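[1] Below are the sequence and a predicted model for it; my questions follow.
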Amino acid sequence: MTKTAFITGITGQDGAYLAKFLLEKGYRVAGLLPRRSTRNLWRLEYLNIADEVEYRDGDVLDLSSLIRAVKAVKPDEVYHLAAQSFVGSSWEQPILTAEVTGMGVLHVLEAIREVDPGIKMYQASSSELYGLIQEPMQSEQTPFYPRSPYAVSKLFGYWMTKNYRESFGMFASNGILFNHESPLRGLEFVTRKVTHTVAQIAAGRKKELRLGNIHAKRDWGFAGDYVEAMWLMLQQQKPDDFVIATGTTTTVEEMCRIAFDYVGLDFQDYLVIDPQLFRPAEVDVLLGNPAKAKRELGWEPKTGLQELIHMMVEADLQRVKQA
Ligand code: NDP
Ligand code: GDR
C-alpha cells in the first residue's frame, strides 16, 4: 500500500532531498507551503520533483493551518523540518526563532495529537543542542548546553517531542543531526558561502572571501545521506532518539583549503577575517558519535568531506558559468 508523507520545510535543503528520497521509495509526498511573496521551489526544481509533490498552504506558526493540512493529507508519517535554521540570525530575531523553531514543534505535535495520534513524527533536532561541549565526542547520552536562541528553541522542541512520546504514547523520534551540506545549502551557511565564493573568485568576479571564526570545528556530512536516516527512524518498532554524524571533525579553515585547492588556488591569498562575522557566543567544536545509528538503524554516512566540498564547488562553478 502506498504510504503518505507530509513534510514541513519542504522547500529547504533537507525537505527537497527527503521528498526526492521518499518519492523514489514510492511514497505520496505532500509539503507545507508557507505564504511568501515569491514561490520558493528552486530546490525541488533542481531535483526535478517540483511537480510530483502536493502542496498545502500553511505555516508552523498557525496551528489551525497545520490541523487542516494534516486532516486533508492524512499522512502516515510527518517529517517536521521547518525552522528558522540559521544560528547567526537567531541573535537578531530571537523571538521569531523561538516561535518558529521552538513553538512550531509543539504546534505540529498538537496537530497530530488532535487529528490522529497514530501518525509517526520525525523532529529535526540538532547538534547545536550540545553547544558548550561537555564530552569530546557527543552521543545520545551527552548533556546539552545550548549557546544561541536557535539552540535553546531546538532544546524546547527536543523535549516536547520526548514528552509527547512518553505522555501520549505517540511515535515521535528526534534525529540529532550534525551539520549536513549539499549544493542545495543556503548561501548564508559557511560551506556554501565558501564554495560559492570560490566559484566567483575562479571566474574573476570576486577578489576575497570574508569569514568570522575559522577555528570552529564541525562534523560535516552530506544532506543526501542524512535524509535516509530520518526515514529509517520512522521504520523502527519504537520511537527513539538518534545522533546522525560522520564521526570526524574539521576546522572551517581546513574546509576552505579543500574548496580552494579544487580550483588550484591558495585560500590564504583570498581569506579576510571580518570581526563583524564573529558570533556573540560560539560553539567551538562538534564531533558526533553515530554508533547507535549504525547499530540500530544500519545507517552509515557514504560521503566524505572532500567529496562533499568538491561536489559543492563543482555545482557552484556551473551556476556561476550560467549566471
Ligand atoms: P533550511 O533553512 O534550508 O529550510 C528551512 C525550511 O523551513 C524552509 O523550507 C522554510 O521555508 C521553512 N520554514 C521557515 N519558517 C517557516 C514557517 N513559519 N512555516 C513553515 N515553514 C517554514 O533548513 P535545512 O533544510 O538545512 O534544515 C532542516 C531542519 O533540520 C531545520 O529544522 C534545521 O534547523 C534542522 N537541522 C539542520 C541541520 C543542517 O545541518 N542542515 C542540522 C541539524 C538540524 P522558506 O524557505 O519558505 O522560508
Ligand atoms: P552552524 O552552521 O552554525 O553550525 O549551524 P554555519 O555554517 O552557519 O556555521 C558553522 C561555523 O562556521 C563559523 N563561521 C561562519 N559561519 C557562517 N555562516 N558565515 C561565516 O562567514 C562564518 N565564518 C565562520 C561559524 O561561527 C560556525 O562556528 C548549522 C545549521 O544548519 C543549523 O540549523 C544546524 O542545527 C546546525 O548546523 C547543526
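    Ah, there it is. Ligands and ions are numbered 1, 2, ... in the order given.
[2] what does the chain have sitting close to ligand 2?
    The chain comes close to ligand 2 at residues 85, 87-88, 126-128, 178-179, 188-190, 193, 211-214, 216, 218, 252, 277, 279, 282-283, as judged by CB under 6 Å from any ligand atom. Where C-beta positions appear, they are placed from N, C-alpha and C, glycine not excepted.
[3] Where helices are concerned, which of these count?
    Among the residues of the chain next to ligand 2, DSSP state H puts 190, 193, 252 in helices.
[4] Out of these, which is nearest to ligand 1?
    Within these, proximity to ligand 1 (CB to the nearest ligand atom) peaks at Val190, which comes in at 10.7 Å.
[5] Quickly list what Asp57 is bridged to.
    For Asp57, the beta-bridge partners are Leu33 (DSSP bridges).
[6] correct me, but it touches Leu66?
    No - assessed by CB atoms under 8 Å, Asp57 is found out of contact with Leu66, at 10.9 Å.
[7] Three-state assignment for Tyr145, please.
    Secondary structure state of Tyr145, per DSSP: H, G, I helix; E, B strand; the rest coil, is coil.
[8] how deep is it tucked in, by neighbour count?
    14 (other CB atoms under 10 Å).
[9] residues contacting it?
    Tyr145 makes contact with 130-134, according to CB atoms under 8 Å, 6 or more residues apart in numbering.
[10] measure it to ligand 1 for me?
    16 Å (CB to the nearest ligand atom, to the nearest Å).
[11] Quick check, Ala315 in contact with Pro183.
    Yes - here Ala315 reaches Pro183: they are 3.5 Å apart, a contact under CB under 8 Å.
[12] the more surrounded of those two?
    Taking neighbours as other CB under 10 Å, Ala315 and Pro183 compare with Pro183 leading, 21 against 18.
[13] Report the secondary structure element holding the more buried one.
    Assigned by DSSP states H and E, Pro183 falls within no helix or strand.
[14] circling back to that earlier point, between Asp57 and Leu66, who's got more neighbours?
    Between Asp57 and Leu66, counted using other CB under 10 Å, Leu66 has the larger neighbour count: 28 against 12.
[15] Tell me, how many residues neighbour the nearest residue in space to the more buried one that is not next to it in sequence?
    Leaving aside its sequence neighbours, Leu66 sits nearest to Ala111 (CB to CB, 6 or more residues apart in numbering; 3.9 Å). Counted with other CB under 10 Å, residues neighbouring Ala111 total 27.
[16] Quick check: pLDDT value at Ala111.
    On pLDDT, Ala111 comes in at 98.
[17] Return the alpha-carbon coordinates of the helix or strand where it lies using PDB.
    Using DSSP H and E, Ala111 falls within helix 104-115. Included here for helix 104-115 are C-alpha records, laid out as PDB according to Å, rounded to 0.1, in the frame of the first residue of the first chain:
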ATOM      1  CA  GLY A 104       6.400  25.300  15.800                       C
ATOM      2  CA  VAL A 105       7.300  21.800  17.000                       C
ATOM      3  CA  LEU A 106       4.600  22.000  19.700                       C
ATOM      4  CA  HIS A 107       2.100  23.100  17.000                       C
ATOM      5  CA  VAL A 108       3.000  20.100  14.900                       C
ATOM      6  CA  LEU A 109       2.700  17.700  17.800                       C
ATOM      7  CA  GLU A 110      -0.600  19.200  18.800                       C
ATOM      8  CA  ALA A 111      -2.000  18.900  15.200                       C
ATOM      9  CA  ILE A 112      -1.000  15.200  15.200                       C
ATOM     10  CA  ARG A 113      -2.500  14.600  18.600                       C
ATOM     11  CA  GLU A 114      -5.700  16.300  17.500                       C
ATOM     12  CA  VAL A 115      -6.100  14.700  14.100                       C
END
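[18] which other residues reach that helix?
    Contact partners of helix 104-115, identified using CB under 8 Å, 6+ apart, comprise 8, 60-63, 66-67, 69-71, 78, 80, 82-83, 119, 121, 123, 156-157, 160-161, 164, 168, 170, 172.
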